[in-house]
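A.B. asks: Predicted model and sequence follow; I will ask about them next.
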Amino acid sequence: MAAPKDPRPCSIADALALVGEKYSLLVLREVCLGNRRFDQLVRNIGAPRDVLATRLRRLVDAGILTRRTYSEHPQRFEYRPTEAGLELEPVLMTLMAWGDRHLRRDQLDRPMVIEHICGNELIPAVTCTACGAPVHHQDLTAHPQTPGWTVTGPTAA
């Protein structure tokens with residue numbers, strides 16, 4: 001059997017193909033914050049209008065956002081997260097926390113703090129749903145499921 005010529009099959013790569021484009025996660029950030037109208041998105045993201053329109057169309061087509069009419073004359077739309085879109089919110093929170101820890105000079109330089117319903121600041125953490133333990137790199141073992149692939153790469157012919 002010949003070794004695969006394509007890159008490793010990967011759900012991370014598949015997700016990035018959709019939400020890894022410039023501005024896509026920022027659109028989701030804004031929509032999750034409640035800013036759902038095109039002009040709000042343009043202002044808060046800083047994306048060119050044509051680029052933003054393309055990103056919105058792609059996120060709607062992928063089922064991450066829904067588009068609803070809020071004005072008939074002129075026709076205008078707002079964007080709301082679907083269940084799939086809301087499932088990306090923890091990714092945004094974790095990415096924001098990483099940026100706060102590694103890209104900010106100090107904790108006073110953070111642009112936003114998210115408060116949890118309990119009244120405390122949200123500090124996102126990845127935990128195992130089976131045992132409840134925090135997830136650490138050294139505790140993980142990968143098991144490739146695609147035939148012809150191992151952790152180190154494609155199997156030899």
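C.D. replies: Received it, and whenever you're ready, just let me know what you need. Residues are numbered from 1 along each chain as shown.
A.B. asks: Glu78 and Asn35 touch, don't they?
C.D. replies: No: between Glu78 and Asn35 there is no contact under CB atoms under 8 Å: 9.4 Å. (Glycine included, C-beta is placed from N, CA and C.)
A.B. asks: mean confidence for the longest helix anywhere in the chain?
C.D. replies: When the chain is parsed with DSSP state H, its longest helix is helix 89-103. For helix 89-103, mean pLDDT rounds to 94.
A.B. asks: chain center to it: distance?
C.D. replies: Distance of helix 89-103 from the chain centroid (CA atoms, centre = their mean, to the nearest Å) equals 11 Å.
A.B. asks: Other residues contacting the helix or strand just after it?
C.D. replies: Using DSSP states H and E, the helix or strand that follows helix 89-103 towards the C-terminus is strand 149-150. By CB atoms under 8 Å, 6 or more residues apart in numbering, the surrounding residues in contact with strand 149-150 are Pro4, Arg8, Pro9, Pro144, Thr155.
A.B. asks: can you check stretch 30-49 too?
C.D. replies: Here stretch 30-49 makes contact (CB under 8 Å, 6+ apart) with 22-23, 26-27, 52-53, 55-56, 65, 70, 76-81, 85-86, 89, 92.
A.B. asks: of those residues, buried ones?
C.D. replies: With burial judged by 16 or more other CB atoms under 10 Å, the buried subset of the contacts of stretch 30-49 is 23, 26-27, 52, 55-56, 65, 78-79, 81, 85, 89, 92.
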